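Asker: what follows is a predicted protein model with its sequence.
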Amino acid sequence: MSARAVPPAQDPVRPHPAAAVEIEFEGRTYRGVLGQSIAGILLANDVVDWRTTSVHQSPRGLFCGIGVCFDCVVTVDGVSDVRACQRRVRGGEHVERQHISPPSPSQEH
Amino acid sequence: MAEVDVLIIGAGPAGLAAATSARRAGATVRVLEASDESGGQFWRHLPATRPAGDEQRLHHQWQRYQQFRSAVDADPALTLDVGAHVWAIEHRDDGVRVNVVYGDVDGTGRRRESVTANGLILATGAHDRALPVPGWTLPGVVTAGAAQAMAKGERIAIGERVVIAGAGPFLFPVTDSVQKSASTVVGVYEAARIRRLARHWLTRPWELRSATSKMAEFAAYVGIHLRGRIPYRPGWGVVAINGTDRVESATVARLDEQWRPVAGTERTVPCDAVCLGHGFTPRLELAIAAGCGLSRDRFVTVDDGQRTSVPSVFAAGEITGIGGVDLALAEGEIAGWVAAGGAPSDSQLVAAVRARAAFTRFARRIADAHRIGSGWTDWLEPSTMVCRCEEVDYGTLLAVRRDTESVGLRSLKLTTRAGLGLCQGRICGRSVECILATDGVGFADGASTDRRPIAAPIRLGELSRPPNFVDDDDQSTTTSEGKSV
């Protein structure tokens, strides 16, 4: 375990309990609470990468955390380029790893 | 015909101070905030769906924010629109027009609106500057601001054993919030050397008298370091980050006065997360689109009333110079008052004008002490990614500069593709400029990487509809280079 939600018993900020929500990512269901972002729910479950780059096929996840770097983009319910750190979860979202392959010569006309 | 007297972009400390000040001067005010909560990065907090029992444990001047919030809630002539993404500003003969799209972040079929105002205040803030380091694209490496945002906004710990590295006093609050998130900070590596820190922090102490609250805050942070036995190492930096699919360790090394790693001092620190923050970059795209003049060091130029070079456009907070919350609050208060028709010399602004002077001096010391050293490129390897989006490495940048002998930034960008990805050079732009500019001289075409006419992503379908039209079947994105993804 590395990335995770702060355990409530150890949290000096004492967040109130919030409604549970779920998202689906790569065939698994991840639980979080209302008010979390997609990145927040994935990180709380120690999922640290959710995009694969086009050129080097490298894993990427959270980087700037404030919507500037676009490194964390995912496809949400079929819509691409959604910043996972900024989009709050409503519940039931189908999240897909974003991986845009560069056009291969055979696809060109 | 303007819909509102004063329009403010950004509801962080500067924007909120501007809004309440403009209201005191009698203006109607509207604030546009991209996030769904006000407070900016400084007062980022748990959302209304999950409020905290003791939010102020993570904050400074939380009372001040509460006062702003009550003022906004109680005042029908002060409108705060959250989820309002300003994607463009047009500079027209009859004034400035602000183009907004409302709704989900990166959503579809969002409502567009075009807003005009008698006075516009830009309070768009800044984001972290993280210098490229070998391995910095590994999952688990985040900016210092990301660690802070996740801790404050969601109560997420980015790692169990966390290394914090970079430069400047922002590393202190980041350390504090990581500590309060049940993580262990294994070390804080400040690139500035102790002699440099002492030279800028300890001389002319009388100048700091008016900033005593700030000094007390720093003293408290030093106490946290001592109590938590967190090593604070000035003159050290993270020079490589190691791991296969995620962070496993960081290589730290001593840095010389120019931030060049000192050979033979490298040490490996096991960790599962690294936070990088080498300073801040102002979010200038809207100011540039509005036509505001910039200083040589690329902040928005303002006069004593926070007026920019464009009539009736004002700027406050980090976009006029990195100065922290107290300076942002003072500048916001002045900008709001003057935008509403007041004068900087009015008695109502005496305290704010004094605070602005004091915290400007304070900010200058911070900038001098922690300025990025020119030797940082020595820790790069040819394979180190510089542009994270387009995956352009250091070796490619050097080769293109050598082979093309180009001295124009535009042609260098087009040849290398650095800065042309989704983030539009927000993360790598200034580092790319450092690497490509020969001998610290600018580029022959006078270009910079700050110009981004489209400030926030908008889908082509949304763009093709007239303002105030709602539809939900738009799926393609456009970026400012006009490519669709």
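Answerer: Okay, I see it.
Asker: quick one: low-confidence parts of chain A?
Answerer: A:1, A:103-109 (pLDDT under 70).
Asker: which element is the closest residue to chain A within chain B on?
Answerer: For chain B, the residue closest to chain A is B:A146, as judged by Cβ to the nearest Cβ, at 2.7 Å. C-beta here means a position set from N, CA and C on the backbone, and glycine is covered the same way. Element membership for B:A146, per DSSP states H and E: helix B:144-154.
Asker: which neighbouring elements make contact with that helix?
Answerer: helix A:38-44, strand B:126-128, strand B:156-157, strand B:161-166, helix B:171-179, strand B:273-277 (3 or more Cβ pairs under 8 Å, 6 or more residues apart in numbering or on different chains; DSSP states H and E).
Asker: ok, now with 10 Å
Answerer: helix A:38-44, strand B:126-128, strand B:141-143, strand B:156-157, strand B:161-166, helix B:171-179, strand B:273-277 (3 or more Cβ pairs under 10 Å, 6 or more residues apart in numbering or on different chains; DSSP states H and E).
Asker: starting at the chain centroid, how far to it?
Answerer: 13 Å (Cα atoms, centre = their mean, to the nearest Å).
Asker: that one vs strand B:161-166, what angle?
Answerer: Helix B:144-154 runs at 130 degrees relative to strand B:161-166, counting by axes from the mean of the first three to the mean of the last three Cα atoms, to 10 degrees.
Asker: tell me what angle helix B:144-154 forms with strand B:273-277.
Answerer: Going by the same axes, to 10 degrees, helix B:144-154 makes 110 degrees with strand B:273-277.
Asker: low-confidence regions, chain B specifically.
Answerer: B:1-2, B:210, B:438-441, B:469-485.
Asker: domain parsing for it?
Answerer: Here the domain parsing of chain B from automatic domain parsing is B:4-127+B:281-367, B:130-278, B:380-440.
Asker: same list (the ones you listed) but as TSV, adding mean neighbour count.
Answerer: Formatted as TSV, these follow (neighbours: other Cβ atoms under 10 Å in any protein chain shown):
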stretch	mean neighbour count
domain B:4-127+B:281-367	21
domain B:130-278	20
domain B:380-440	19
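Asker: distance to A:A20 added to those domains, as JSON lines?
Answerer: Shown next, in JSON lines, are those (distance: least, Cβ to Cβ, whole Å):
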{"stretch": "domain B:4-127+B:281-367", "distance to A:A20": "11"}
{"stretch": "domain B:130-278", "distance to A:A20": "15"}
{"stretch": "domain B:380-440", "distance to A:A20": "32"}
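Asker: quick one: closest of these to A:C85.
Answerer: With Cβ to Cβ, the closest approach to A:C85 among those belongs to domain B:130-278: 7.5 Å.
Asker: so B:S114, which of the three states?
Answerer: strand (DSSP: H, G, I helix; E, B strand; the rest coil).
Asker: ok, B:V186 next?
Answerer: strand.
Asker: surely A:V79 touches B:R459?
Answerer: Yes - with contact defined as Cβ atoms under 10 Å, A:V79 counts as touching B:R459 (8.6 Å).
Asker: more crowded one of those two?
Answerer: The neighbour comparison of A:V79 against B:R459 (other Cβ atoms under 10 Å in any protein chain shown) goes to B:R459, with 23 against 19.
Asker: ok, now which ones touch B:E390?
Answerer: A:53-55, B:413, B:416-423, B:425, B:428 (Cβ atoms under 10 Å, 6 or more residues apart in numbering or on different chains).
Asker: Throw the residues you listed into JSON lines and include distance to B:A358, thanks.
Answerer: Output for the contacts of B:E390, formatted as JSON lines (distance: Cβ to Cβ, whole Å):
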{"residue": "A:T53", "distance to B:A358": "46"}
{"residue": "A:S54", "distance to B:A358": "49"}
{"residue": "A:V55", "distance to B:A358": "49"}
{"residue": "B:K413", "distance to B:A358": "40"}
{"residue": "B:T416", "distance to B:A358": "44"}
{"residue": "B:R417", "distance to B:A358": "45"}
{"residue": "B:A418", "distance to B:A358": "40"}
{"residue": "B:G419", "distance to B:A358": "37"}
{"residue": "B:L420", "distance to B:A358": "42"}
{"residue": "B:G421", "distance to B:A358": "41"}
{"residue": "B:L422", "distance to B:A358": "40"}
{"residue": "B:C423", "distance to B:A358": "35"}
{"residue": "B:G425", "distance to B:A358": "34"}
{"residue": "B:C428", "distance to B:A358": "35"}
